[in-house]
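Visitor: Below are the sequence and a predicted model for it; my questions follow.
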Amino acid sequence: MKIAVIPARGGSKRIPRKNIELFCGKPIIAWSIEAALASGLFDHVVVSTDDAEIGAVAKKYGAEVPFIRPANLSDDFVGTSAVIKHAVEWFINNHSRPEYVCEIYATAPFVRDSDLINSFRIFNEQVVDIVFSVTKYAFPIQRAVRITEQGRVEMCQPKHMAERSQDLEELYHDAGQFYWFTTDAILKRLSVFSVHSVPYVLPRYRVQDIDTLEDWVQAELMYKALNDNV
């Protein structure tokens, strides 16, 4: 059995009600639900939430909300690994043990069903515990600078000052869209950033973290531009 779990708590601070705020015409969580359903991969597409309104929106777009997330897993300090583990344990205790679990972020409007399908294929071919989406940094992070307390600038890694950008190693970051796990990987709390994982690389133009209103505006502009050119 394969399940998708979309964590979506109600207490977002920086963007109130973020998980059901309209993004390009529909609640942002709907994009994740619809991509999961369109992939045809999952026996269950589940939203883990502590919020009745989010639960109602999730059901409207085809997701299941078989439980209400406990309050102790719904504050600002609980990571998603504990939330996904709770969902898996609920299925083990109340349904059956899933073989594969895909965590999909509720604020990932760029996630595509084709990426879910292709990454699951890699998951099987590589025989690993975790596959997750990454993308390249837009600029070499080895040449990052910081602003000092005096308002001046200094390099974080001065040893790279004289190196050309094209000679520096290309580095990647978590794209914040989806994460495939074996159930054992979740129960054992294996780290995503480890030898247990294989990356699934996304193009930068389909990746945007959405934590602030500025992020939200940029993401909508990116989405509209991308779809205008399809």
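Guide: Received the coordinates, thanks.

Visitor: for this protein, what are the low-confidence residue spans?
Guide: Residues of the chain that meet the criterion pLDDT under 70 lie in 229-230.

Visitor: what's the longest strand in the protein?
Guide: strand 172-182 (DSSP state E).

Visitor: Which residue, other than its chain neighbours, is closest to Asp174?
Guide: Val134 (6.1 Å; Cβ to Cβ, 6 or more residues apart in numbering). No exception for glycine: its C-beta is placed from N, CA and C like everyone else's.

Visitor: mind checking the SS state of the residue of the chain positioned farthest from its centre?
Guide: Distance from the centre of the chain peaks at Gln150, with 36.9 Å (Cα atoms, centre = their mean). Here Gln150 is recorded as coil under DSSP: H, G, I helix; E, B strand; the rest coil.

Visitor: Could I get the phi/psi values of it?
Guide: phi -90, psi 0 (degrees, to the nearest 10).

Visitor: Equivalent analysis for Val46, please.
Guide: phi -120, psi 140.

Visitor: List the beta-bridge partners for it.
Guide: Beta-bridge partners for Val46, by DSSP bridges, are Val5, Glu64.

Visitor: Just give the number of residues close to it.
Guide: 23 (other Cβ atoms under 10 Å).

Visitor: what's it in contact with, if anything?
Guide: Ile3, Ala4, Val5, Ile6, Ala63, Glu64, Val65, Pro66, Ala87 (Cβ atoms under 8 Å, 6 or more residues apart in numbering).

Visitor: 7 Å - rerun?
Guide: Listed by Cβ atoms under 7 Å, 6 or more residues apart in numbering, the contact set of Val46 reads Ile3, Ala4, Val5, Ala63, Glu64, Pro66, Ala87.

Visitor: From Gln208, how far off is it?
Guide: 25 Å (Cβ to Cβ, to the nearest Å).

Visitor: check contacts around Phe139.
Guide: Per Cβ under 7 Å, 6+ apart, neighbours of Phe139: none.

Visitor: same question but for Ala63, I mixed them up
Guide: Shown in contact with Ala63 (Cβ under 7 Å, 6+ apart): Ile6, Ile33, Val45, Val46, Val47.

Visitor: State the pair within those residues that is farthest apart.
Guide: Ile33 and Val46 (9.9 Å; Cβ to Cβ).

Visitor: returning to what we had before: from the contact counts, what lies against the longest strand of the chain?
Guide: Contact partners of strand 172-182 among helices and strands, from 3 or more Cβ pairs under 7 Å, 6 or more residues apart in numbering; DSSP states H and E: strand 100-104, helix 113-126, strand 130-136.

Visitor: Fine, thanks again, bye for now.
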